[in-house]
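A.B. asks: based on what follows, work out the 3D shape:
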Amino acid sequence: MNIQVLLEPVANNGYRARIGEPLALVAEGATREEAVAKLKVQMQDRLSKGAELISIDVSPSQHPLAEFAGMFRDDPYFDDVVRIMEENRRKMNDDPDVP
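C.D. replies: As a prediction, the model looks like this:
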């Protein structure tokens, strides 16, 4: 398992290793290796107490109106409705008083 760790120098010539949320672990050491080793111990401790790191697949959800697509496919009046809407839109576009 690989986890991204932010490793940065600290003011007292040591290093800080940090894992962000949801883990929120921080460890400091005199060397890079010591800071990372301490962080690893913290992570292993949490895992040994039942914590788990899992991955989930979040697929894009279906558009909320997708279930209605094509619902007027066999409606004999649908073409008339579309034509009337187009005519009304043209009239509205030609009228300067319509916002």
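A.B. asks: contacting residues for the most centrally placed residue in the chain?
C.D. replies: Centroid-nearest residue in the chain: residue 58, 8.5 Å away (criterion: CA atoms, centre = their mean). By CB atoms under 8 Å, 6 or more residues apart in numbering, the contact set of residue 58 is empty. No exception for glycine: its C-beta is placed from N, CA and C like everyone else's.
A.B. asks: and it, helix, strand or coil?
C.D. replies: What DSSP: H, G, I helix; E, B strand; the rest coil gives for residue 58 is coil.
A.B. asks: poorly predicted segments of this protein, please.
C.D. replies: Across the chain, the ranges flagged by pLDDT under 70 are 1.
A.B. asks: ok so, going back, for residue 15, see how far away the residue nearest to the centre of the chain is.
C.D. replies: 34 Å (CB to CB, to the nearest Å).
A.B. asks: neighbours of residue 28, how many?
C.D. replies: 15 (other CB atoms under 10 Å).
A.B. asks: that one against residue 13, yeah?
C.D. replies: No: applying CB atoms under 8 Å as the test, residue 28 and residue 13 come out as separate, 11.1 Å apart.
A.B. asks: now the strands for this structure?
C.D. replies: 6-9, 15-19, 25-29 (DSSP state E).
A.B. asks: could you dump those to JSON lines with distance to residue 46?
C.D. replies: Listed next are the strands of the chain as JSON lines, based on distance: least, CB to CB, whole Å:
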{"stretch": "strand 6-9", "distance to residue 46": "18"}
{"stretch": "strand 15-19", "distance to residue 46": "10"}
{"stretch": "strand 25-29", "distance to residue 46": "8"}
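A.B. asks: deepest of those strands, which one?
C.D. replies: Of the strands of the chain, the one with the most neighbours on average (mean count of other CB atoms under 10 Å) is strand 15-19, at a mean of 19.
A.B. asks: need the residues that contact stretch 10-24.
C.D. replies: If you take CB under 8 Å, 6+ apart as the criterion, stretch 10-24 is touched by 3-9, 25-32, 34-36, 38-39, 43, 46.
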